[in-house]
Structures are given as structure tokens and as C-alpha cells.
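Visitor: Prediction below, plus the sequence it came from.
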Protein chains: 2
Amino acid sequence: MQKRSQETRSNILQAALALFANTGYDAASVAEICQAAGVSKGAFYHHFPSKHAVFMEILQNWLALLEQQMVATLQEAQDVPHALLHMADLMQHIFEQASGKMPMFLEFWAQASRDPEVWQVVIAPYQHYQQFFEALVQRGMAEGTLEAHNSQVAAQSVTALALGLLLQGILAPTQADWSTLPKQSIQILLQGLAKK
Amino acid sequence: MQKRSQETRSNILQAALALFANTGYDAASVAEICQAAGVSKGAFYHHFPSKHAVFMEILQNWLALLEQQMVATLQEAQDVPHALLHMADLMQHIFEQASGKMPMFLEFWAQASRDPEVWQVVIAPYQHYQQFFEALVQRGMAEGTLEAHNSQVAAQSVTALALGLLLQGILAPTQADWSTLPKQSIQILLQGLAKK
DNA sequence: AGAATCATACCGACCGGTCGGTATTTTAGG
DNA sequence: CCTAAAATACCGACCGGTCGGTATGATTCT
């Protein structure tokens, strides 16, 4: 039966995710992860070559999930302004499901800014999303729903707004209604982009 | 003469800042900091009670500088839209002067999200700025330059945009013109807030 | 049996912090 | 103004402890 093996693997990943988010990558020791996962160190190093490898797998799972949700959200959008609002919905959804694990995002970002290996894994999807938003804005301008703008600037502004809200949500999770704020923010930005 | 002492202190702070930004707080060892500062470990612990204390002092210096620049920027603004654009200018200025040390911001944020002591130091100015932006938006609505909006949402959007641009600047410093992008982004958001 | 999976004991490197002692600067008495 | 004592600034070897990772033996499945 390889079921147990899979469960062990999954337990390790889950425990590592929680600890990385709560205490940070460095502070979370392998021993702690093993204890939280109910697994021995031997099992840990049987399934993963290093602590860093666990981090990378969590990162890639996260990116894959993001990609998947993004594509899904996309497919139910005709109008460009509505597509952006759908994105805001997606964001709210991410906020809700990532309870307590959002600081992990900071960990990803910090490591990406230092470790070239992590950077390469992160930068590709980042550019991908960026280009996607750019195309979206261009489509909006073509279909006449958006005012003429530098589409790159517009795309970066959208991304920045999303990232900034995420950051604020990490630091001050009780200071705003994070279930409605993303949508309202995007709406303001949209009014700046939209044709009147 | 206490000049030597002050220089040692300053060297330690400078070296610590660079190393924290480049490799992160945990990865930067006290020994490394001392070597980079050209100072012995004894000197380090003569001037600071702990590594953490050095971090806190850097953080507070940073917050003080931010506050000071913000107040200065403020005083030369009459119109609310212009005040926001001045803020964008300030941001560009911060980007330029913080060459290479911007990842330190991530370090601040990450630690604040975990260590209650750091959090308390960070959250006060954060709320302060937030309230300031809120007041600014309300003033704009009163003076008739801004459309009616939930001022809290508007303030959080402005902050989010700034934070998000900062994050992007850290990860992809070569992918955009960071000397003009803040202003352009704020302008778009402003169009969403402004009265037509 | 034998391969995959897991447990335990252990290793060497490194880290933050301490400490006894030394150099340098400031202070005070003559 | 000179000097000796007191205070401050600095040095670097060292310590207890933790960490990521390994080696090796026990278990469990096929």
C-alpha cells in the first residue's frame, strides 16, 4: 500500500506550510516540522532531499493552484471590466481560504528576491500574469470599454493593487473588511481606466 | 572624544542594514555583520544588547525617515489631487535612494507579522498614514475635487497601490521604469476618484 | 525474501551571546 | 599642563545549544 506513504508526504507538506507561515522558513526547524507532522526525521528525508526542497514544492503547489483558479475565473468573463471584477472575487476567495497561511506569501517573496533558483520559479508566472493583464487591458481598449492607456502601466497597477491589499491583509487583518475591499478597490481603479 | 564610538555604532548599523537586506535577518550572522563593519564582536555587544536590538533600531530609523519625508512632502500641497501626486514623487525618490536595500522592507513586514513587539512598532505609523490618507480623501471630497467615495476604502487603495509597487520593484527591478510608474499609477487611481 | 518506508542515534558546522582582559579616552588632582 | 586614575570602548577566544543532514537498523508492505 502506498497510501501511507502519500499521507506521510502530505502531512509533512501541510505541517511545513503551517510552520513556515507562522514562524518563517529559517525559524521552522526540520525537527519541529516532523513533530507537527507526526513523522520521524528519517521519513522526512526519505521523501524530500532537503528542507529547501519542501519549500520549493509548497511554492510550486501554490503557484499551480493560483494559475488554475485564475484560468477558471477567466473563462466566465466576456466583458473586460467584468473580468477584472471576477478577479477581485477570486482574490476575496483566496483571502478566505488562506486563513493564517498568508504570511507564507511573504516568505515566498523574500526568498525569491534573494535566491536565484526561487526567483526563476516565481518570475515566470509573474510575467505571465502581467502579460495577461496587459492583453486584457488592450482588449478592453479595443472593445471600447476602457479609455486609452499605456497597457503595461495599467497592468502593473492592477497587480500592485492586488499585492498591496495582500500585504495589508497580512499586517492588519482585522482593520478592514477583506471580504469586500478588493472588489471596491478594483472598482475605483476601473473607474480610472474606464471610458466615460 | 566620542566620535570613534559613534562611528563604530554607525558602521554596525550600516553593515547590518546591508546584510539584512541582502541575505535576510536570520541568515545574516553577527559575525558577518562585525566583519563587514570592520569591528569586533565585543564592540558589537558593547553597543547593542542583541542582534534583535540592531534590527529594531534600523526599523525605527527607517520609520522616522519615512515620517519626516512624508510631512515635508505634505507641506507643499494645496490641492488634494496634487498632494497625492506629490506622494507619488516621494515614492519615486524613495525607490532611487534605497538602491539594493529594498528587500529590507520585506524583512520588516515579515517580522512585524510574527513578532508582536515589532508589530506594535510598525502598526502605529501604518494606522497613522492610513488615517492621513483618509483625511486627505475627505478633504478632496469637501473641496469638490474628488467624487464621493468610502474614504476608508479609498485610503486603503492608495496604500495598497504604493505597497504593491514596492513589492514589484523588489522582485522585478528591471522590468519597468520605476522612476515614472508610481506617478502614472496614482494618476489612474486618481482618475477613478476624481470628479469629472 | 526484498524493496520501500520509517525510526533513532548521531555528526560537524555554525550561531548568538558571554567574558576576561586590553587599548583608548576622559576626568581630576597637583 | 602633566599625570594618574577612572571610565569607556574594544578585542577575540570561547560556550552551550541548535540546526540541517546522515548512517544505520527496524518495520511494513508486496
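Guide: Cool, the structure landed.
Visitor: The helix ranked longest in chain A close to DNA strand D?
Guide: For chain A, the helix that runs over the most residues, judged by DSSP state H, is helix A:116-143. No: judged by CB under 7 Å from any atom of the strand, helix A:116-143 stays clear of DNA strand D, getting no closer than 13.2 Å. Backbone N, C-alpha and C define where each C-beta goes, glycine included.
Visitor: If you count neighbours, what's buried in that helix?
Guide: A:118-119, A:121-123, A:126, A:129-130, A:133-134, A:136-138, A:140-141 (16 or more other CB atoms under 10 Å in any protein chain shown).
Visitor: Which neighbouring elements make contact with the next helix or strand after it?
Guide: Per DSSP states H and E, the first helix or strand lying C-terminal to helix A:116-143 is helix A:151-171. Under the contact criterion of 3 or more CB pairs under 8 Å, 6 or more residues apart in numbering or on different chains; DSSP states H and E, helix A:151-171 touches helix A:80-97, helix A:103-114, helix A:116-143, helix A:181-193, helix B:103-114, helix B:116-143, helix B:151-171, helix B:181-193.
Visitor: can you tell me the helix or strand for whichever residue of chain A sits closest to DNA strand C?
Guide: Closest residue of chain A to DNA strand C, CB to the nearest atom of the strand: A:Gly42 (1.9 Å). Using DSSP H and E, A:Gly42 falls within helix A:41-47.
Visitor: Where does the prediction get shaky in chain A?
Guide: For chain A, applying pLDDT under 70 flags the ranges A:1-4, A:196.
Visitor: what kind of secondary structure is the residue most central in space within it in?
Guide: The centroid of chain A falls nearest to A:Leu66 when counting by CA atoms, centre = their mean (5.8 Å). Per DSSP: H, G, I helix; E, B strand; the rest coil, the local secondary structure of A:Leu66 is helix.
Visitor: That one touches A:Tyr126, doesn't it?
Guide: No: contact between A:Leu66 and A:Tyr126 fails when scored by CB atoms under 8 Å: they sit 10.6 Å apart.
Visitor: For chain A, list the residues in contact with DNA strand D, please.
Guide: Residues of chain A found near DNA strand D (CB under 7 Å from any atom of the strand) are A:1-2, A:4, A:26, A:28-32, A:41-42, A:45, A:49-52.
Visitor: Can you flag the buried ones in these?
Guide: The buried subset of the residues of chain A next to DNA strand D - by 16+ other CB under 10 Å - is A:28, A:30, A:51.
Visitor: Looking at those, which one is closest to chain B?
Guide: Checking these against chain B with CB to the nearest CB, the nearest one is A:Ala28 at 10.7 Å.
Visitor: How about the contacts made by that closest one?
Guide: By CB atoms under 8 Å, 6 or more residues apart in numbering or on different chains, the residues touching A:Ala28 are A:16, A:19-20, A:22.
Visitor: Can you read off the backbone torsions of it?
Guide: phi -80, psi 110 (degrees, to the nearest 10).
Visitor: How about A:Gly144?
Guide: According to degrees, to the nearest 10, A:Gly144 has phi 80, psi 10.
Visitor: My understanding was that it contacts A:Lys195; is that so?
Guide: Yes: using CB under 8 Å, A:Gly144 makes contact with A:Lys195 at a distance of 6.4 Å.
Visitor: Which one's more surrounded, those two?
Guide: Using other CB atoms under 10 Å in any protein chain shown, the more surrounded residue of A:Gly144 and A:Lys195 is A:Lys195, with 12 against 9.
Visitor: give the contact list for that one.
Guide: Counted by CB under 8 Å, 6+ apart, A:Lys195 has contacts A:144-147.
Visitor: Let me have these in JSON lines, adding distance to B:Pro182 as columns.
Guide: Below are the contacts of A:Lys195 laid out as JSON lines (distance: CB to CB, whole Å):
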{"residue": "A:Gly144", "distance to B:Pro182": "28"}
{"residue": "A:Thr145", "distance to B:Pro182": "26"}
{"residue": "A:Leu146", "distance to B:Pro182": "21"}
{"residue": "A:Glu147", "distance to B:Pro182": "20"}
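Visitor: quick check, nearest of those residues to B:Leu171?
Guide: A:Leu146 (26.3 Å; CB to CB).
Visitor: Within its local environment, how many residues does A:Glu147 see?
Guide: A:Glu147: 15 neighbours (other CB under 10 Å).
Visitor: you'd agree it is up against A:Leu193?
Guide: Yes: using CB under 8 Å, A:Glu147 makes contact with A:Leu193 at a distance of 6.1 Å.
Visitor: State whether A:Pro49 is indeed within a strand.
Guide: No: under three-state DSSP, A:Pro49 falls outside any strand and is assigned coil.
Visitor: what's the distance between it and A:Glu57?
Guide: 11 Å (CB to CB, to the nearest Å).
Visitor: With A:Gln187 instead?
Guide: Taking CB to CB, one finds A:Gln187 at 37 Å from A:Glu57.
Visitor: got the residues of chain A near DNA strand C?
Guide: Checking chain A against DNA strand C by CB under 7 Å from any atom of the strand, the hits are A:2, A:4-5, A:7-8, A:39-43, A:46-47.
Visitor: Between all of those, which two are separated the most?
Guide: Greatest spacing in the residues of chain A next to DNA strand C, by CB to CB: A:Gln2 and A:Lys41 (20.9 Å).
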